[in-house]
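Enquirer: return a 3D structure for these sequence lines:
(one chain, ligands or ions: 3)
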Amino acid sequence: MLFACIRRPASTLIFSHFRNMSSASLPPSSIPIFTTVAEYREWRRRAFVENKSVGFVPTMGALHEGHLTLVRRSLQENDLTVLSIFVNPAQFAPHEDLATYPRTLERDLEVLTEQQVADRQPSAVFLPTVKEMYPSGINQDVSQQKGTFVEVKGYGEQMEGKSRPMFFRGVATVVTKLFNAVEPTNAYFGQKDIQQALLLRRMVTDLLLSHPSPDHLHIVPTARDATDNLALSSRNAYLSPEGRKVAPALYASLQAAENCWSAGGSKRECVDAAAGIIQQWVDQIEEQGWAVKLKLDYVDMNDAGDFEVVGDEVVQTEKGGEVVILSGAVYVDQTRLIDNILLGSVDKVTR
Ligand SMILES: Nc1ncnc2c1ncn2[C@@H]1O[C@H](COP(=O)(O)OP(=O)(O)OP(=O)(O)O)[C@@H](O)[C@H]1O
Ligand SMILES: CC(C)(CO)[C@@H](O)C(=O)[O-]
Ligand code: BAL
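Expert: Numbers count the residues shown, from 1 in each chain. Ligands and ions are numbered 1, 2, ... in the order given. The predicted structure is shown next:
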């Protein structure tokens, strides 16, 4: 997750994005697009009757190869594949980038049409309005909100939750709504947003959801730029050319921490090694006079089961078969980039 800290006035009720989207204003597409839950449900009912499995890929649009990896995995494993595009106001703090979040609907529909695995192509796009998803409106200021929200206590405060305190409440709320509407057999999330994916699996378990069941919520490895390993992300579009050049520093720093951990270093030593790599980049930026600012937000290790922070003196052998999330975030100018590496028996988590 990353965001440009663009200040905008504290919002009131938000209906602006896609507010007036009627089927007449939609770009042409060979894939059926549903903008209302009622229309979608008719389509979904037929899939139930025909006993067809439905794979679901929730997104905020501005599709890139990372999203398409999830789509192709769904095409492989399901009779039908639905992708949603919804920029969810409830997961953006009032000072974050809701207004400027990249919206590229026409291109998104084009690239989706090009996806094919065996004889399967995406079956439907769910493109609800804000009014459809929040019938009583939604205020980005949490203190002003009324109505029903979903909170996964104890899982949304660490890592990303420290910088974005209300983020996971917004995500859990909208994904509950999306799951209720779409009723997927399988759902696919990216490892790039590992805390989000694991928190949602916790939520599905705790709320006894069956569509999807916890075993059917899949986490797919992060798709990266082939040349420099930068994790693909919609908000990479915010980076200047110089910002793009330094953005791979985050993954390089996580790799240094991973090597340190494998070599028997303590959590503290490994996290410091990661911070050292970022500092080397900061020094290089200064020496070269590049017009970009790089700043470490955090690097840490957390248990993948309960998200507890790993103690400073802990070493790899003490964690046995447990999976540890090595995650971090940096600011490249005003854009916040995140990434992570899973340490340990990754298959226990990703499936
Ligand atoms: N590089 C990637 N590899 C695999 N999955 C990804 C990647 N990037 C995003 N996803 C997944 O795609 C889904 C939709 O994410 P979203 O639309 O927010 O895109 P994003 O690139 O993560 O955007 P942002 O820049 O806002 O974080 C999420 O499950 C997310 O984890
Ligand atoms: C899961 C999600 C679609 C909820 O808005 C969003 O957080 C995302 O795209 O990762
Ligand atoms: N990919 C996570 C969505 C967000 O950052 O808002």
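Enquirer: do you know how far Gly289 is from ligand 2?
Expert: According to CB to the nearest ligand atom, to the nearest Å, Gly289 and ligand 2 sit 36 Å apart. C-beta coordinates here come from the backbone N, C-alpha and C atoms, glycine included.
Enquirer: OK, contacts around the residue nearest to Glu106 when sequence neighbours are not counted?
Expert: In space, and not counting its chain neighbours, Glu106 is closest to Pro27: 4.3 Å by CB to CB, 6 or more residues apart in numbering. Going by CB atoms under 8 Å, 6 or more residues apart in numbering, Pro27 touches 105-106, 109.
Enquirer: check Ala256 too.
Expert: Contacts of Ala256 (CB under 8 Å, 6+ apart): 270, 273-274, 276-277.
Enquirer: pLDDT value on the one residue in the stretch 101-250 of the chain that gets nearest to ligand 1, please?
Expert: Proximity to ligand 1, evaluated over the stretch 101-250 of the chain using CB to the nearest ligand atom, is greatest for Gly190 at 2.1 Å. We have a pLDDT of 98 for Gly190.
Enquirer: just the one 4 residues further on next, same as before
Expert: The confidence metric pLDDT takes the value 98 at Ile194.
Enquirer: now list the buried members of the contacts of Pro27.
Expert: Using 16 or more other CB atoms under 10 Å as the burial test, those include 105, 109 as buried.
Enquirer: element containing Ser84, please.
Expert: strand 80-85 (DSSP states H and E).
Enquirer: one step back: I'd guessed the residue of the stretch 101-250 of the chain closest to ligand 1 sits against Gly66; true?
Expert: Yes. Proximity of Gly190 to Gly66 meets the contact threshold set by CB atoms under 8 Å, at 5.7 Å.
Enquirer: list the residues that contact both of the two?
Expert: Joint contacts of Gly190 and Gly66 (CB under 8 Å, 6+ apart) are 222-223.
Enquirer: what does the domain assignment say about the protein?
Expert: The chain breaks down by automatic domain parsing into domains covering 23-220, 239-350.
Enquirer: what's the pLDDT at the residue lying closest to Leu63 once chain neighbours are set aside?
Expert: Closest residue to Leu63 apart from its sequence neighbours, by CB to CB, 6+ apart: Asp108 at 4.5 Å. Per-residue pLDDT puts Asp108 at 98.
Enquirer: and Asp108, how many residues sit next to it?
Expert: Close neighbours of Asp108, defined as other CB atoms under 10 Å, add up to 22.
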